[in-house]
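**Q** predicted model and sequence below, questions to follow.
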Amino acid sequence: MYEKITPPDTGEKITFSDGEPIVPDNPIIPFIRGDGTGVDLWPATERVIDAAVAKAYGGQRQISWFKIYAGDEACEQYGTYQYLPEDTLTAIREYGVAIKGPLTTPIGGGIRSLNVALRQINDLYTCVRPCRYYPGTPSPHKHPEQLDVIIYRENTEDIYLGIEWREGTEIAQKLIDTLNNDLIPATPEHGKKQIRLDSGIGIKPISKTGSQRLVRRAIKHALRLPKNKQMVTLVHKGNIMKYTEGAFRDWGYELATTEFREECITERESWILGNKEHKPDISLEDNARQVEPGFDALTPEKRQEICDEVKGVLEALWESHGNGKWKDKIMVNDRIADSIFQQIQTRPSEYSILATMNLNGDYLSDAAAAMVGGLGMGPGANIGDTCAVFEATHGTAPKHAGLDRVNPGSLILSGVMMLEYMGWQEAADLIKKGLGAAISNREVTYDLARLMEPPAEPLKCSEFAEAIIRYF
């Protein structure tokens, strides 16, 4: 089956049922060491995970690690430009759950990004990035402890699909001609818009299927959270891109109010129900007036439409969600993308799960990570229905490779996410406890040590891992 790798002699495969993993007590888990500082990060991470599993389960559970290759290390094994060999793809498909260090963006070889390729080849459509604060971590924010969000980023569509054409090429010019001369004039809402002839062209596809399967996973995650954190916010730029980003919002609401009707309430529905609870005899028109800003300035047709909406919500939901019952449901709301960047800083405690398309999620997850200590403390996961890959979210930092000095926090916390995904919560909790205690006691690597007040004496990468284990 494999050309250059051999699975461990002991252990069993993780399988999947209805998109959820079925994990044996001795799973085989492939790992990619990673490029650059991966030589330091992976040994520290493996040591911490193994120690946590051993302490949590006393030998009843154990991971059998399976080394596979990607990035520069793969080229050393498989030849020039073999950044993502078939062996690696087969192993990830075969064993279901994998973990990886940072990978270099290839130069040549036809792959734009190894991370994007892994996601698209395996249909790992959900990128999950939790951003929470560990006390003592240096942060540029005044109250980083107020931010505790999980970003659900769609992984396979949007401009990251990579369908684009360079300016001046025959196909780009042909496409511009077709758009300018046929498609735009045939769409009255576009008026006399034209695309400049010297443009590069990219395609931004957003599908109902891709949008709803992401939101479905986000809502299912919300169901596992404490009541005060059961909120899913749809992040979009639908005020400008109505048929892509606006559709993402609409499809998200549609899924929440059909598939999860008993478990969910939309923000707008909560206003309608809340207005009637506050004033039981409120008229449909007055309720609509409180829900819709500028109601009285709208056309009669639009006012009637909103009154009909209010009536429909009350008729459909009053018995199941009214009289305050909606307060125990998952709140589904939406925010404009540029606005959410401000609100996670000024009102961070108001948000829990942010569901977003690919590009917006890329920006937002790094911005949120910066508030709680940077990418060095930012874990990540890429999850599909038949496999999942957990990964460090930062780069390879090759100038630090082999020096045993970089922060392994991102990869270790990605390991925590992997353990939680597997249902091994006891081991995950030990690592979080140890990491938090090490940081609180100022036993950290140089990136965090130099930002502490006063600066702390930095630990090596391997020493930080040992400190985490010591505080289990």
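**A** Here it is on my side, so go on. Note that the structure is predicted; figures quoted are calculated from it, not measured.

**Q** give the contact list for the nearest residue to P205 once chain neighbours are set aside.
**A** The shortest distance from P205 to any non-neighbouring residue, by CB to CB, 6 or more residues apart in numbering, is to E157 (5.5 Å). Yep, even glycine has a C-beta here, placed from its N, CA and C like the rest. For E157, the contact set (CB atoms under 8 Å, 6 or more residues apart in numbering) comprises 205-207, 210, 357-358.

**Q** R405 too?
**A** 40, 445-446, 458, 460-461.

**Q** so how far is C75 from Q82?
**A** 6 Å (CB to CB, to the nearest Å).

**Q** so for G252, what's the pLDDT?
**A** At G252, the pLDDT value in this model is 98.

**Q** for it, which three-state class applies?
**A** helix (DSSP: H, G, I helix; E, B strand; the rest coil).

**Q** for G395, same thing?
**A** State at G395, reduced to three classes by three-state DSSP: coil.

**Q** that one is in contact with P102, isn't it?
**A** Yes. At 5.6 Å, G395 and P102 qualify as touching, with contact defined as CB atoms under 8 Å.

**Q** in stretch 362-370, what's buried?
**A** Residues of stretch 362-370 classed as buried by neighbour count (16 or more other CB atoms under 10 Å): 362, 364-366, 368-370.

**Q** what mean pLDDT does stretch 115-124 have?
**A** On average, stretch 115-124 scores 86.

**Q** same thing with stretch 69-84?
**A** On average, stretch 69-84 scores 91.

**Q** just the CA trace of that stretch, in PDB.
**A** What follows is stretch 69-84, C-alpha atoms only, in PDB (Å, rounded to 0.1, in the frame of the first residue of the first chain):
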ATOM      1  CA  TYR A  69       5.900  13.100   5.300                       C
ATOM      2  CA  ALA A  70       5.000  16.500   3.700                       C
ATOM      3  CA  GLY A  71       6.900  19.600   2.800                       C
ATOM      4  CA  ASP A  72      10.700  19.800   2.600                       C
ATOM      5  CA  GLU A  73      11.100  16.600   4.500                       C
ATOM      6  CA  ALA A  74       8.900  14.800   2.000                       C
ATOM      7  CA  CYS A  75      11.200  16.000  -0.800                       C
ATOM      8  CA  GLU A  76      14.200  14.500   0.900                       C
ATOM      9  CA  GLN A  77      12.400  11.200   1.000                       C
ATOM     10  CA  TYR A  78      10.500  11.100  -2.200                       C
ATOM     11  CA  GLY A  79      12.400  13.400  -4.600                       C
ATOM     12  CA  THR A  80      12.300  17.000  -5.900                       C
ATOM     13  CA  TYR A  81       8.900  18.700  -5.800                       C
ATOM     14  CA  GLN A  82       7.300  15.700  -4.000                       C
ATOM     15  CA  TYR A  83       5.900  18.000  -1.300                       C
ATOM     16  CA  LEU A  84       2.700  16.000  -0.700                       C
END
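
**Q** all helices of the stretch 251-400 of the chain, in order?
**A** Ranges of helices in the stretch 251-400 of the chain, per DSSP state H, counting those that start in this stretch, are 267-278, 284-291, 300-321, 337-346, 358-371.

**Q** out of the ones you listed, nearest to G58?
**A** helix 358-371 (34.5 Å; CB to CB).

**Q** residues contacting E309?
**A** Taking CB under 8 Å, 6+ apart, one finds 272, 288 in contact with E309.

**Q** measure it to C264 for me?
**A** For E309 relative to C264 (CB to CB), the value is 17 Å.

**Q** for the protein, which helix or strand comes out least confident on mean pLDDT?
**A** helix 114-121 (a mean of 84; mean pLDDT, DSSP states H and E).

**Q** just checking, what packs against it?
**A** Applying 3 or more CB pairs under 8 Å, 6 or more residues apart in numbering; DSSP states H and E, one finds that helix 114-121 contacts strand 388-392.

**Q** give me the angle between the helix or strand just after the strand it packs on and strand 388-392.
**A** Following the chain from strand 388-392 toward its C-terminal end, the next helix or strand by DSSP states H and E is helix 409-422. For helix 409-422 against strand 388-392, the angle by axes from the mean of the first three to the mean of the last three CA atoms, to 10 degrees is 160 degrees.

**Q** tell me the mean pLDDT over helix 409-422?
**A** Per-residue scores along helix 409-422 average to 96.

**Q** for that helix, output the C-alpha coordinates as CSV.
**A** Output of helix 409-422 as CSV, limited to C-alpha atoms (Å, rounded to 0.1, in the frame of the first residue of the first chain):
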residue,chain,number,x,y,z
GLY,A,409,2.1,26.1,22.4
SER,A,410,0.2,26.2,19.1
LEU,A,411,1.0,22.6,18.2
ILE,A,412,0.5,21.3,21.8
LEU,A,413,-2.9,23.0,22.0
SER,A,414,-3.8,21.5,18.6
GLY,A,415,-3.0,18.2,20.2
VAL,A,416,-5.5,19.2,23.0
MET,A,417,-8.1,19.8,20.3
MET,A,418,-7.3,16.4,18.8
LEU,A,419,-7.7,14.7,22.2
GLU,A,420,-11.1,16.5,22.7
TYR,A,421,-12.2,15.5,19.2
MET,A,422,-11.3,11.8,20.1
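
**Q** and the helix or strand that it is followed by, what does it pack onto?
**A** As assigned by DSSP H and E, the chain's next helix or strand after helix 409-422 is helix 425-440. Applying 3+ CB pairs under 8 Å, 6+ apart, one finds that helix 425-440 contacts helix 38-57, helix 409-422, helix 461-470.

**Q** so what's the gap between helix 425-440 and the chain middle?
**A** Chain-centre distance of helix 425-440: 22 Å, with CA atoms, centre = their mean, to the nearest Å.
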